[in-house]
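# Model the structure of this input:
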Amino acid sequence: MIDKRVGSPAEAVAPIHEGAVVMIGGFGEAGSPIELIHALIDQGTKNLTAINNNTGNGEVGLAALIGNGQVSKMICSYPRSSRSRLFPELYRAGRIELELVPQGTLAERIRAGGAGIPAFYTPAAVGTPLAGGKQTREFDGHPYLLERWLKADFALVRCDTADRVGNLTYNKTARNFGPLMCMAAETTIVQARRVVEPGEIDPEHVVTPGVFVDRVVEVSEPLHESRLIAEGRRYP
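Residues are numbered from 1 along each chain as shown. Just a heads-up that it's a prediction; the model follows:
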C-alpha cells in the first residue's frame, strides 16, 4: 500500500504550480485548511483560481492568500461576509475576477466534476443576472439553466483523522465541501489532525476513500480562523 504521508505543509503544497485551479475546503472557518493555505502563501505561487464557499475572513487563511495577490480569480457563493475585507477591496479595484455561483449549484458543480458529469440543468438563478449567456431549457413547464462541472488541478482539504493510505474521516460540519473536492481534483492534499495506521479507522466510518487522496500531512493542533481574527493576527 502506498504511504501518502508527507513531512510538512510546505512539502504537501510544493506541487502547486502557477496558474493552477485550486479547490479549498471550508465553510467559513469550519474545515478551513489554514496550515496548507499559509504554506501556499509562503511558497508564493501566483495566478491561482480558487474555488471555495466564500473569500475568507480577516487577514488569515484564504483571505490572506487573496490579499497577498496570489489569486487572480475566485469562484464562490459568498464573496463578502461580516469579516471579509481584502477581497472586496481588490474586487472594487479591478484586481481580481469573480465568478458568483449559488451555493447549491456550487456543490453540485463540484460533485459533477468528481462524478464525470460534464453538465446538468438546475432552476437556480433562472431570471437573474447569473443566467446571462447560459443555455436554458424547459422541463415540465419550468425553465432550467445548464451549468457545467467544476474540476481542479488541486484540492486543499482538512480532515479529522486519516490513515497513511489516505482514508479520511471528518469532524461534523467541518466535512462540508471536503469529500466532493477530493473527488473533483487531480491531486488532493489533506491536512489531518491525526494520522493512524491502516485498519485503525472503522471502514464504516470512512467518508473519503484513499483512492481520492494523494498527499497527507499531520497537523495535530490546527489553527482556528476565528481565534486568529479575535487576536488581531494576520499572515504572513
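# Ramachandran coordinates for the residue located most distally from the centre of the chain?
The centre of the chain is farthest from one residue, G141, which by CA atoms, centre = their mean lies 35.7 Å away. Here is the backbone geometry of G141 (degrees, to the nearest 10): phi 80, psi 10.
# helices and strands of this protein: which one bottoms out on pLDDT?
Here the helix or strand of the chain ranked lowest by mean pLDDT, DSSP states H and E is helix 225-230, holding a mean of 91.
# Let me see the residues that make contact with it.
G28, E29, S32, I34, N57, G58, V60, G61, R83 (CB atoms under 8 Å, 6 or more residues apart in numbering). No exception for glycine: its C-beta is placed from N, CA and C like everyone else's.
# Of these, which belong to helices?
Among those, the members falling in helices (DSSP state H) are I34, G61.
# Going by distance to H205, which of the contacts of helix 225-230 wins?
Distance ranking of the contacts of helix 225-230 against H205, using CB to CB, places S32 first at 22.4 Å.
# and the closest one, how many neighbours does it have?
Neighbours of S32 under the rule other CB atoms under 10 Å: 30.
# same check, this time on I110
Residues near I110, counting by other CB under 10 Å, number 27.
# surely it meets E147?
No. Contact between I110 and E147 fails when scored by CB atoms under 8 Å: they sit 11.1 Å apart.
# on that earlier part again, next, the buried residues of the least confident helix or strand of the chain.
By 16 or more other CB atoms under 10 Å, the buried positions in helix 225-230 come out as E225, L228, I229.
# again with stretch 57-71
By 16+ other CB under 10 Å, the buried positions in stretch 57-71 come out as 57-68, 70-71.
# all helices for this protein, in order.
So, for the chain - with DSSP H - the helices run 9-13, 34-43, 61-67, 86-92, 103-115, 178-184, 225-230.
# Just give me the residue closest to the centre of the protein.
Centre-nearest of the chain using CA atoms, centre = their mean is I24, 1.8 Å out.
# Any regions of the protein where pLDDT drops low?
Nowhere does the chain drop to pLDDT under 70.
# ok, now with 90
1, 28-29, 80-85, 226 (pLDDT under 90).
# mind putting the helices of the chain in JSON lines, distance to R158 included?
Below are those laid out as JSON lines (distance: least, CB to CB, whole Å):
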{"stretch": "helix 9-13", "distance to R158": "11"}
{"stretch": "helix 34-43", "distance to R158": "8"}
{"stretch": "helix 61-67", "distance to R158": "11"}
{"stretch": "helix 86-92", "distance to R158": "21"}
{"stretch": "helix 103-115", "distance to R158": "16"}
{"stretch": "helix 178-184", "distance to R158": "7"}
{"stretch": "helix 225-230", "distance to R158": "11"}
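# C-alpha coordinates for stretch 217-236, CSV please?
Output in CSV follows, covering the C-alpha atoms of stretch 217-236 (Å, rounded to 0.1, in the frame of the first residue of the first chain):
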residue,chain,number,x,y,z
VAL,A,217,0.2,15.8,6.4
GLU,A,218,-0.5,15.6,10.1
VAL,A,219,-1.3,18.9,11.8
SER,A,220,-2.1,17.9,15.4
GLU,A,221,-3.1,21.3,16.6
PRO,A,222,-4.7,23.2,13.7
LEU,A,223,-5.3,26.9,13.8
HIS,A,224,-8.8,28.3,14.1
GLU,A,225,-9.7,31.3,12.0
SER,A,226,-12.0,33.0,14.5
ARG,A,227,-9.3,32.9,17.2
LEU,A,228,-6.7,34.3,14.9
ILE,A,229,-9.1,37.1,13.9
ALA,A,230,-10.0,37.9,17.5
GLU,A,231,-6.3,38.1,18.4
GLY,A,232,-5.8,40.6,15.5
ARG,A,233,-3.4,38.2,13.7
ARG,A,234,-2.5,38.4,10.1
TYR,A,235,-0.5,36.3,7.7
PRO,A,236,2.3,36.5,6.6
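# All set, thanks.
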